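Asks: Mind folding the following:
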Amino acid sequence: MSRVFNVAIVGVGIGRSHLVEGYVPNADKYKVLALCDLNVERMTPIADEFNVERRITNFDEILAMDDIDIIDICTPPGLHYPMVMAALKAGKHVICEKPLVGSLAQVDEVIAQEKISKGKLMPVFQYRFGDGIEQAKAIIDAGIAGKPFVGTVETMWRRGPDYYAVPWRGKWATELGGVLMTHAIHQHDLFTYLMGDVKRLFGRVATRVNAIEVEDCVTASLELENGALGSFTATLGAAEEITRLFLTFENVTFESDYEAYNPGAKPWRIQPRNPETAARIDALLKDWKHVPSRFETQMARFHAALLGEAPMPVTSADSRRALELVTAFYHSSTTHEDVALPIASDHPRYQSWVPPQFRAA
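Replies: Below you'll find the model as predicted:
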């Protein structure tokens with residue numbers, strides 16, 4: 001019988017999605033023993049719905065529970081860093097929603113702590129999982145796609161005053177960024193996951209849709225280490241919500257489904273250049289087994305990684321790569337220069353990408 005890990009979820013907003021999509025379908029692998037949230041009125045019906053007995057308002061109580069194996073952090077972004085560090089130091093395994101932390105300096109501290117901690121850390125990038133994204137990845141990894149040429153990512157979503165009525169949203173101190181940080185970060189991760197590491201980025205950010213501190217429109221031009229080129233565009237002012245990745249390789253062109261919040265689930269449009277490539281793809285995918293999307297597969301693979309049966313499905317290094325893009329975006333938009341990656345500790349935005357006027361004294 002497989003080991004069952006005991007979980008405490010901290011923050012029941014997106015935390016409820018972790019329950020519904022991640023832990024309930026993997027009930028043979030996890031048991032949620034506790035919920036932790038400052039809002040008892042919001043937490044109580046969710047705890048009742050899923051028969052979670054422990055309803056906690058103090059994070060330190062969760063850290064002290066000897067029977068909790070995993071702390072799943074689903075709080076506003078500004079709280080991630082201290083909670084992740086405290087959980088690792090307490091010897092817990094940690095799952096943390098994006099963004100993992102609020103600077104490259106912080107993510108490097110987390111990586112250093114992880115190396116000496118008993119527990120393992122898995123950042124959340126649930127869009128990586130599902131038939132569409134994994135078939136594309138399999139074709140690329142098999143060498144069938146060939147050399148990457150160009151790719152685009154379009155994140156056309158809609159957020160208005162009702163969304164930003166939640167007090168922590170739209171503010172640098174608590175959300176740590178806007179569409180670039182909270183919304184498009186998933187799709188930009190998918191781009192590098194499939195196309196390769198970014199070498200240089202020239203970007204622009206703007207606030208055009210909402211009366212908020214952070215950005216709600218972005219665009220960028222990218223050069224990859226392998227020579228491919230890319231472009232990112234995102235807005236929170238779209239009339240129709242779509243997410244689209246369009247990736248052109250030497251032998252294959254991939255186009256994602258337009259589903260805004262689950263672009264990896266349905267099979268992508270795969271266009272081979274010639275019959276020979278088509279035959280190789282058909283042979284590779286002939287016995288394909290369905291991969292559930294989002295949290296269901298990410299949590300299942302985390303369980304396998306904890307047992308030592310598989311690699312970690314998402315790593316702290318993956319989060320650092322994503323946060324490098326964020327850092328480069330903000331710096332380029334301010335300086336009107338392109339930014340070289342990777343970003344080291346001597347970079348002016350290494351300690352924080354938050355504009356100086358919004359940083360804590």
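Asks: CA atoms only for the helix or strand hosting Gln113 - export them in CSV, please.
Replies: Element membership of Gln113, judged by DSSP states H and E, is helix 104-116. Extracted C-alpha coordinates of helix 104-116, given in CSV (Å, rounded to 0.1, in the frame of the first residue of the first chain):
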residue,chain,number,x,y,z
LEU,A,104,15.7,36.5,-7.0
ALA,A,105,17.5,37.1,-3.7
GLN,A,106,14.7,35.4,-1.9
VAL,A,107,14.4,32.5,-4.3
ASP,A,108,18.2,31.9,-4.0
GLU,A,109,17.7,31.9,-0.2
VAL,A,110,14.9,29.3,-0.5
ILE,A,111,17.1,27.1,-2.8
ALA,A,112,19.9,27.3,-0.2
GLN,A,113,17.5,26.4,2.6
GLU,A,114,16.0,23.5,0.6
LYS,A,115,19.4,21.9,0.2
ILE,A,116,19.8,21.6,4.0
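Asks: Can you list the buried residues in it?
Replies: For helix 104-116, the neighbour count (16 or more other Cβ atoms under 10 Å) marks Leu104, Ala105, Gln106, Val107, Asp108, Val110, Ile111, Gln113, Glu114 as buried. (Each C-beta comes from the backbone N, C-alpha and C, glycine too.)
Asks: who does the following helix or strand past it touch, helix- and strand-wise?
Replies: The helix or strand immediately downstream of helix 104-116 is strand 121-123, counting by DSSP H and E. On a contact count with 3 or more Cβ pairs under 8 Å, 6 or more residues apart in numbering; DSSP states H and E, strand 121-123 meets strand 93-96, helix 295-306, helix 316-335.
Asks: Columns distance to His183 and mean neighbour count on top of these, output as JSON lines?
Replies: Formatted as JSON lines, the helices and strands packed on strand 121-123 follow (distance: least, Cβ to Cβ, whole Å; neighbours: other Cβ atoms under 10 Å):
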{"stretch": "strand 93-96", "distance to His183": "17", "mean neighbour count": "25"}
{"stretch": "helix 295-306", "distance to His183": "17", "mean neighbour count": "22"}
{"stretch": "helix 316-335", "distance to His183": "12", "mean neighbour count": "21"}
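Asks: My read is that Gln298 contacts Phe129, right?
Replies: Yes - with contact defined as Cβ atoms under 8 Å, Gln298 and Phe129 form a contacting pair (5.4 Å).
Asks: where do the contact lists of these two overlap?
Replies: Common contacts of Gln298 and Phe129 (Cβ atoms under 8 Å, 6 or more residues apart in numbering): Pro313.
Asks: what about the helices in this protein?
Replies: 13-17, 40-49, 59-63, 80-89, 104-116, 131-141, 172-175, 185-195, 275-285, 295-306, 316-335 (DSSP state H).
Asks: From the contact counts, what lies against the third one?
Replies: Right, the one you point to is helix 59-63. Packed next to helix 59-63, using 3+ Cβ pairs under 8 Å, 6+ apart, are strand 5-10, strand 30-36, helix 80-89.
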